[in-house]
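Participant: what's the 3D shape of this:
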Amino acid sequence: MTLEFKMTLAEALVERKGLKDRLERLKARLAVNARVQEGDTPTETPEALLAQVDAAIGDLERLIVAINRTNLAASLPGEEGWSLMDAIARRDMLALRQGILEETVNAAQTTRERWAMTRNEVRSIAVVDVAAVQKEIDALAKERRVLDMRLQAANWTVQLAV
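Facilitator: I've put the predicted structure just below:
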(Lines give C-alpha, C1' and ligand atoms only; values in the text may rest on other atoms or scores of the structure.)
Protein backbone atom coordinates (compact mmCIF):
# COMPACT_ATOMS: atom_id res chain seq x y z
CA MET A 1 0.00 0.00 0.00
CA THR A 2 1.34 3.41 -0.94
CA LEU A 3 0.23 6.33 1.15
CA GLU A 4 -1.27 9.37 -0.52
CA PHE A 5 0.11 12.48 1.14
CA LYS A 6 -2.28 14.91 -0.55
CA MET A 7 -4.57 15.02 2.46
CA THR A 8 -5.42 17.21 5.37
CA LEU A 9 -3.80 16.67 8.72
CA ALA A 10 -7.11 15.33 10.08
CA GLU A 11 -7.25 12.72 7.31
CA ALA A 12 -3.65 11.75 8.09
CA LEU A 13 -4.52 11.30 11.77
CA VAL A 14 -7.40 9.02 10.81
CA GLU A 15 -5.08 7.08 8.51
CA ARG A 16 -2.51 6.77 11.32
CA LYS A 17 -5.17 5.29 13.60
CA GLY A 18 -6.15 2.86 10.86
CA LEU A 19 -2.56 1.73 10.38
CA LYS A 20 -2.10 1.22 14.12
CA ASP A 21 -5.29 -0.85 14.23
CA ARG A 22 -4.12 -2.87 11.21
CA LEU A 23 -0.79 -3.59 12.93
CA GLU A 24 -2.61 -4.80 16.05
CA ARG A 25 -4.71 -7.17 13.95
CA LEU A 26 -1.62 -8.42 12.11
CA LYS A 27 0.14 -8.98 15.43
CA ALA A 28 -2.80 -11.07 16.65
CA ARG A 29 -2.87 -13.07 13.40
CA LEU A 30 0.87 -13.69 13.70
CA ALA A 31 0.45 -14.98 17.24
CA VAL A 32 -2.26 -17.41 16.10
CA ASN A 33 -0.19 -18.68 13.17
CA ALA A 34 3.27 -18.72 14.77
CA ARG A 35 2.77 -22.19 16.27
CA VAL A 36 0.67 -25.11 15.09
CA GLN A 37 0.26 -28.69 16.10
CA GLU A 38 2.78 -31.01 14.48
CA GLY A 39 1.47 -32.16 11.10
CA ASP A 40 -0.86 -29.13 10.68
CA THR A 41 -0.23 -26.08 8.56
CA PRO A 42 -1.00 -22.53 9.66
CA THR A 43 -3.97 -20.84 8.03
CA GLU A 44 -1.66 -17.96 7.07
CA THR A 45 2.09 -18.13 6.67
CA PRO A 46 4.03 -16.07 9.18
CA GLU A 47 6.34 -14.89 6.39
CA ALA A 48 3.42 -13.37 4.45
CA LEU A 49 2.06 -11.76 7.60
CA LEU A 50 5.50 -10.36 8.47
CA ALA A 51 5.74 -8.86 4.98
CA GLN A 52 2.41 -7.12 5.61
CA VAL A 53 3.68 -5.95 9.01
CA ASP A 54 6.83 -4.51 7.43
CA ALA A 55 4.81 -2.68 4.76
CA ALA A 56 2.39 -1.24 7.35
CA ILE A 57 5.27 -0.17 9.61
CA GLY A 58 6.94 1.58 6.68
CA ASP A 59 3.70 3.40 5.84
CA LEU A 60 3.17 4.32 9.49
CA GLU A 61 6.70 5.65 9.84
CA ARG A 62 6.35 7.86 6.74
CA LEU A 63 2.97 9.09 7.91
CA ILE A 64 4.17 9.90 11.44
CA VAL A 65 7.13 11.85 10.06
CA ALA A 66 4.79 13.83 7.79
CA ILE A 67 2.36 14.48 10.67
CA ASN A 68 5.17 15.66 12.96
CA ARG A 69 6.62 17.92 10.25
CA THR A 70 3.18 19.38 9.65
CA ASN A 71 2.54 19.97 13.36
CA LEU A 72 5.86 21.75 13.66
CA ALA A 73 5.49 23.87 10.52
CA ALA A 74 1.81 24.85 10.72
CA SER A 75 0.61 27.68 12.91
CA LEU A 76 -2.42 27.52 15.16
CA PRO A 77 -4.85 30.13 13.83
CA GLY A 78 -5.35 32.99 16.27
CA GLU A 79 -2.15 32.33 18.22
CA GLU A 80 0.84 34.43 17.27
CA GLY A 81 3.95 32.26 17.06
CA TRP A 82 2.26 29.00 18.16
CA SER A 83 2.81 25.96 16.01
CA LEU A 84 0.35 23.08 16.15
CA MET A 85 3.09 21.21 18.05
CA ASP A 86 3.13 23.96 20.70
CA ALA A 87 -0.64 23.71 21.04
CA ILE A 88 -0.53 19.90 21.29
CA ALA A 89 2.12 20.08 24.01
CA ARG A 90 0.07 22.68 25.90
CA ARG A 91 -3.11 20.56 25.61
CA ASP A 92 -1.24 17.49 26.88
CA MET A 93 0.18 19.41 29.85
CA LEU A 94 -3.27 20.76 30.72
CA ALA A 95 -4.58 17.18 30.71
CA LEU A 96 -1.64 16.02 32.85
CA ARG A 97 -2.21 18.73 35.47
CA GLN A 98 -5.97 18.11 35.44
CA GLY A 99 -5.41 14.40 36.03
CA ILE A 100 -3.03 15.00 38.92
CA LEU A 101 -5.45 17.45 40.54
CA GLU A 102 -8.35 15.00 40.10
CA GLU A 103 -6.35 12.29 41.87
CA THR A 104 -5.55 14.76 44.66
CA VAL A 105 -9.22 15.62 45.12
CA ASN A 106 -10.16 11.93 45.15
CA ALA A 107 -7.53 11.24 47.80
CA ALA A 108 -8.67 14.17 49.94
CA GLN A 109 -12.38 13.42 49.89
CA THR A 110 -13.85 11.31 52.65
CA THR A 111 -15.64 8.19 51.54
CA ARG A 112 -18.12 6.06 53.46
CA GLU A 113 -15.49 3.37 54.03
CA ARG A 114 -13.34 5.91 55.87
CA TRP A 115 -16.16 6.98 58.17
CA ALA A 116 -16.13 3.80 60.23
CA MET A 117 -13.50 4.33 62.91
CA THR A 118 -12.62 2.42 65.98
CA ARG A 119 -11.49 4.08 69.19
CA ASN A 120 -7.83 3.33 68.46
CA GLU A 121 -7.73 4.81 64.99
CA VAL A 122 -6.32 8.22 64.24
CA ARG A 123 -8.70 10.53 62.46
CA SER A 124 -7.49 11.93 59.15
CA ILE A 125 -8.55 15.22 57.63
CA ALA A 126 -8.14 16.74 54.19
CA VAL A 127 -5.45 19.39 54.00
CA VAL A 128 -6.42 20.36 50.48
CA ASP A 129 -9.07 22.95 49.69
CA VAL A 130 -11.16 20.56 47.60
CA ALA A 131 -13.51 23.28 46.34
CA ALA A 132 -10.63 25.47 45.13
CA VAL A 133 -8.85 22.56 43.49
CA GLN A 134 -12.11 21.46 41.83
CA LYS A 135 -12.55 25.00 40.49
CA GLU A 136 -9.05 24.81 38.99
CA ILE A 137 -9.85 21.39 37.50
CA ASP A 138 -12.93 22.85 35.83
CA ALA A 139 -10.92 25.78 34.44
CA LEU A 140 -8.22 23.44 33.11
CA ALA A 141 -10.85 21.20 31.51
CA LYS A 142 -12.44 24.17 29.78
CA GLU A 143 -9.10 25.52 28.52
CA ARG A 144 -8.19 22.05 27.24
CA ARG A 145 -11.55 21.60 25.46
CA VAL A 146 -11.27 25.00 23.76
CA LEU A 147 -7.70 24.32 22.67
CA ASP A 148 -8.64 20.86 21.46
CA MET A 149 -11.50 22.28 19.36
CA ARG A 150 -9.12 24.81 17.81
CA LEU A 151 -6.65 22.04 17.02
CA GLN A 152 -9.40 19.91 15.49
CA ALA A 153 -10.49 22.81 13.30
CA ALA A 154 -6.92 23.46 12.18
CA ASN A 155 -6.44 19.76 11.40
CA TRP A 156 -9.17 19.95 8.76
CA THR A 157 -7.67 22.99 7.03
CA VAL A 158 -3.93 22.26 7.18
CA GLN A 159 -2.50 20.19 4.35
CA LEU A 160 -0.11 17.40 5.30
CA ALA A 161 3.53 18.34 4.73
CA VAL A 162 5.50 15.87 2.65
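Participant: Three-state assignment for the residue nearest the centre of the chain, please.
Facilitator: The chain has Asp92 as the residue nearest its centroid, 9.2 Å off, counting by CA atoms, centre = their mean. Three-state assignment for Asp92 (DSSP: H, G, I helix; E, B strand; the rest coil): helix.
Participant: tell me the confidence at Leu60?
Facilitator: On the pLDDT scale, Leu60 is placed at 98.
Participant: wait, what's in contact with it?
Facilitator: 16, 19-20, 23 (CB atoms under 8 Å, 6 or more residues apart in numbering). (Each C-beta comes from the backbone N, C-alpha and C, glycine too.)
Participant: how many other residues sit next to the residue nearest to Thr8 when sequence neighbours are not counted?
Facilitator: Spatially, and ignoring its direct neighbours in sequence, Thr8 is nearest to Trp156 (5.6 Å; CB to CB, 6 or more residues apart in numbering). Using other CB atoms under 10 Å, Trp156 has 10 neighbouring residues.
Participant: where's Trp156 relative to Ala139, distance?
Facilitator: As judged by CB to CB, to the nearest Å, Trp156 and Ala139 stand 27 Å apart.
Participant: and the contacts of stretch 70-88?
Facilitator: With contact meaning CB under 8 Å, 6+ apart, stretch 70-88 is reached by 9, 12, 68, 147, 150-151, 153-155, 157-161.
Participant: which of those residues are buried?
Facilitator: Buried members of the contacts of stretch 70-88, scored by 16 or more other CB atoms under 10 Å, are 9, 12, 147, 150-151, 154-155, 158, 160-161.
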